[in-house]
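**Q** Quick one, fold the following:
(chains A, B, C and D)
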Protein chains: 2
Amino acid sequence: MTTRPSTQETRERLLAAALEAFGQRDYDAVSTRELATAAGVNLAAISYHFGGKHGLYLATARLLGERMRALLHEDLSWVRSAYADASPEECRRLVGDLIGRLAARLLGDAFGRHVPGLIIREQGQPTEAFEILYETLFGPIHHVLGELIGRARGRPADDDETRVIAHALIGQAVIFRAGRTALLRYMDREGFDEGDLVHIRRVVAALAESALTGHVEGDEPCL
Amino acid sequence: MTTRPSTQETRERLLAAALEAFGQRDYDAVSTRELATAAGVNLAAISYHFGGKHGLYLATARLLGERMRALLHEDLSWVRSAYADASPEECRRLVGDLIGRLAARLLGDAFGRHVPGLIIREQGQPTEAFEILYETLFGPIHHVLGELIGRARGRPADDDETRVIAHALIGQAVIFRAGRTALLRYMDREGFDEGDLVHIRRVVAALAESALTGHVEGDEPCL
DNA sequence: AAACATAGTTCAAACGAATGTTTAACTCAA
DNA sequence: TTGAGTTAAACATTCGTTTGAACTATGTTT
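**A** Residues are numbered from 1 along each chain as shown, chains lettered A, B, ... in the order given. As a prediction, this is how the structure comes out:
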């Protein structure tokens, strides 16, 4: 009747192994046998508990979304409470801080070493997992950033120009994970230590902050 | 003795099909049979001409690198000739122009619809193809951008801070391809027309240009 | 309390389909 | 006739999934 204690553990073991594997490599590059072995469970457990490989992948995306949401909750709720009665200058500073923090976290292992890869890959050929990840990840960041940037530039948050800027600034952070390998090569390094992260965070924060000072030439609210 | 005319055509057909397929989907998600069918050649031609699937993949990366280099050559050589005796202000403008142009091209289909996906994917688990792509693609952009930004901010081009800024600004452009799906969702669209591209290019250019006006708080050259 | 029945879970084994690659016969211009 | 190139067929693996028996608690009956 009641589920046995080992049931939940089997699920968790598989999810942990799947998160690790799907984070690093593509869906097709990960085999069910490999997942079962890594999780230390029987092969048939995947079909039994998740209905198959695809079900496990979706469950992994859900788990990932929840974890990222939890990690972001702290930063975002802090920003949300801060910008309620913030001046444009303060909003600019908040944006810089948020982007810088995001960049450092992405470059480091705060979100897991390979986990963001799954998100990036989902954008190429979006599956059901993309919806899950957008709702919990890109969506909230887009939203908060839009509010902040709109306030900082004296424009509505749902303005198209505001949204383009928000997206571009997210790119400033995301590239530190998506283009990590190229950056290592460019800066002639083998890895980044804690000091690097602090400095990069500061540079990116200053960059994003001053980016909001300018005006778009051409009169219209653009787009 | 001499190669028959059909030889080269078989290679080209396979490379075209591989560029299309590997651009959209992961290495493991593309089958040799599918490639042969799409190219209209026999299955064994892959092994015969490229030594196998992996060889075809590397050849595709080389072809992609050359095409991208050609596409970028125009922009980059124009910039290179322009910044030789340019003022910091002009350099800032050149950077903005370059980033904006890059963003619009990436968001549109200038580089091919799915081609940039291969590059992004290679950063996750770099293979030999990464070297090829860095040399012809990221490398030159990094270099030119470093020169421009260094001059614009009165710092050496090989400064670590300069490099971080260059990388971050590239991210502003890359995100418009890497995060295209999320942007469509954010801006509530189904696609971007020519007018969108022009506007986005202008916004991103202004953003990148004004980003270079600020100073990084904290005294040292950073990093 | 002992024996049985039941439902949930694990397990080794096997399934058919698809994978990348190789083989050997064949084509045809030099 | 020679040999580079093409072709269909077959190669051995690996894939995701399914099977049916074994195991293990729990609930019921005796």
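
**Q** I'd like to check the angle between the helix or strand of chain A with the lowest mean pLDDT and helix B:115-124, please.
**A** The weakest-scoring helix or strand in chain A, judged by mean pLDDT, DSSP states H and E, is helix A:115-124 (a mean of 82). Angle of helix A:115-124 versus helix B:115-124, following axes from the mean of the first three to the mean of the last three CA atoms, to 10 degrees, is 170 degrees.

**Q** Need the residues that contact helix A:115-124.
**A** Applying CB atoms under 8 Å, 6 or more residues apart in numbering or on different chains, the external contacts of helix A:115-124 come out as A:19, A:22-24, A:26, A:60-61, A:64, A:67-68, A:106, A:129-130, A:133, A:137, A:174, A:177-178, B:24-26, B:114, B:117, B:120-121, B:124, B:178-182. The C-beta positions use only the backbone N, C-alpha and C, and glycine is treated the same way.

**Q** Mind listing what's buried along the helix ranked longest in chain A?
**A** Under DSSP state H, the helix in chain A containing the largest number of residues is helix A:53-82. By 16 or more other CB atoms under 10 Å in any protein chain shown, the buried positions in helix A:53-82 come out as A:53, A:56-61, A:63-65, A:67-68, A:72, A:75-76, A:79.

**Q** quick one: that helix near chain B?
**A** No. Shown here: helix A:53-82 not in contact with chain B (CB under 8 Å from any CB of the partner chain), separated by at least 13.1 Å.

**Q** Following the chain past that helix, name the next helix or strand.
**A** Along the chain past helix A:53-82, the next helix or strand (assigned with DSSP states H and E) turns out to be helix A:88-107.

**Q** From the chain's centre, how far out is that following helix? Work that out for me.
**A** Between the mean C-alpha location of helix A:88-107 and the chain-wide mean there is a distance of 14 Å, by CA atoms, centre = their mean, to the nearest Å.

**Q** One more: stretch A:156-166?
**A** With CA atoms, centre = their mean as the basis, the distance from the averaged C-alpha position of stretch A:156-166 to the chain average is 20 Å.

**Q** Also stretch A:72-86?
**A** For stretch A:72-86, the gap between its own C-alpha mean and the chain's C-alpha mean amounts to 17 Å (CA atoms, centre = their mean).

**Q** One more: stretch A:28-46?
**A** Taking the mean C-alpha point of stretch A:28-46 and that of its whole chain, the gap between them comes to 26 Å (CA atoms, centre = their mean).

**Q** re the thing from before, out of the buried residues of helix A:53-82, which comes closest to DNA strand D?
**A** Looking at the buried residues of helix A:53-82 and their distance to DNA strand D, the nearest is A:Lys53, at 3.5 Å (CB to the nearest atom of the strand).

**Q** what pLDDT does the closest one get?
**A** According to the predicted model, the pLDDT of A:Lys53 comes to 98.

**Q** Grab the nearest non-local neighbour of it.
**A** Once flanking residues are discounted, A:Lys53 sits nearest to A:Thr32: 5.3 Å by CB to CB, 6 or more residues apart in numbering or on different chains.

**Q** any idea how far the one you found is from B:Phe138?
**A** Noted for A:Thr32: a distance of 35 Å to B:Phe138, by CB to CB, to the nearest Å.

**Q** the more surrounded of the two?
**A** A count of neighbours by other CB atoms under 10 Å in any protein chain shown puts B:Phe138 above the other of A:Thr32 and B:Phe138, at 23 against 17.

**Q** What residues does the more buried one make contact with?
**A** B:Phe138 sits next to A:Gly179, A:Ala182, A:Arg185, A:Tyr186, B:Ile170 when contact means CB under 8 Å, 6+ apart.

**Q** how about these, which pair is most distant?
**A** In the contacts of B:Phe138, two members sit farther apart than any others by CB to CB. They are A:Arg185 and B:Ile170, at 13.1 Å.

**Q** higher neighbour count, those two?
**A** In this view A:Arg185 and B:Ile170 are compared by other CB under 10 Å, and B:Ile170 has more residues nearby, 26 against 18.

**Q** What are the phi and psi values at the more buried one?
**A** Here is the backbone geometry of B:Ile170 (degrees, to the nearest 10): phi -60, psi -40.

**Q** Hmm, it is touching B:Gly146, no?
**A** No. Look at B:Ile170 against B:Gly146 with CB atoms under 8 Å: they stay out of range, at 10.7 Å.

**Q** where's the residue nearest to A:Lys53 relative to A:Phe50, distance?
**A** 10 Å.

**Q** same question, A:Gln24
**A** Applying CB to CB, one obtains 19 Å for the distance of A:Gln24 from A:Phe50.

**Q** Quick check: the gap between the residue in chain A that DNA strand D sits nearest to and A:Ala44.
**A** Nearest residue of chain A to DNA strand D, counting by CB to the nearest atom of the strand: A:Gly52, 2.9 Å away. When distance is defined by CB to CB, A:Gly52 is 11 Å away from A:Ala44.

**Q** Next: A:Arg101.
**A** Summarising the geometry, the distance separating A:Arg101 from A:Ala44, computed by CB to CB, is 43 Å.

**Q** With A:Arg202 instead?
**A** Here the distance between A:Arg202 and A:Ala44 works out to 51 Å (CB to CB).

**Q** And these two? Which one has more around it.
**A** Between A:Arg202 and A:Ala44, counted using other CB under 10 Å, the more crowded position is A:Arg202 (20 against 10).

**Q** before we move on, which element is that one in?
**A** When secondary structure is defined using DSSP H and E, the element that contains A:Arg202 is helix A:194-211.

**Q** On the pLDDT front, check A:Val41 for me.
**A** In this prediction, A:Val41 has a pLDDT value of 96.

**Q** residues in contact with it?
**A** Residues in contact with A:Val41 (CB under 8 Å, 6+ apart) are A:Thr10, A:Arg13, A:Leu14.

**Q** again, but for A:Leu72
**A** Here A:Leu72 is in contact with A:Leu137, A:Pro140, A:Ile141 (criterion: CB under 8 Å, 6+ apart).

**Q** and these as a markdown table, adding distance to chain B and secondary structure?
**A** What follows is those, written out as a markdown table (distance: CB to the nearest CB, whole Å; DSSP: H, G, I helix; E, B strand; the rest coil):
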| residue | distance to chain B | secondary structure |
| --- | --- | --- |
| A:Leu137 | 9 | helix |
| A:Pro140 | 11 | helix |
| A:Ile141 | 9 | helix |
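
**Q** Most neighbours out of these, which is it?
**A** Neighbours were tallied for each of the contacts of A:Leu72 (criterion: other CB under 10 Å), and the maximum of 23 neighbours falls on A:Ile141.

**Q** hang on, that one packs against A:Val79?
**A** No. In this structure, A:Ile141 is not within contact of A:Val79 by CB under 8 Å, at 10.1 Å.

**Q** any shared contact partners between the two?
**A** With CB under 8 Å, 6+ apart applied, the contact sets of A:Ile141 and A:Val79 do not overlap.

**Q** So A:Phe176 versus A:Asp188, what's the distance?
**A** The gap separating A:Phe176 from A:Asp188 is 16 Å, by CB to CB.
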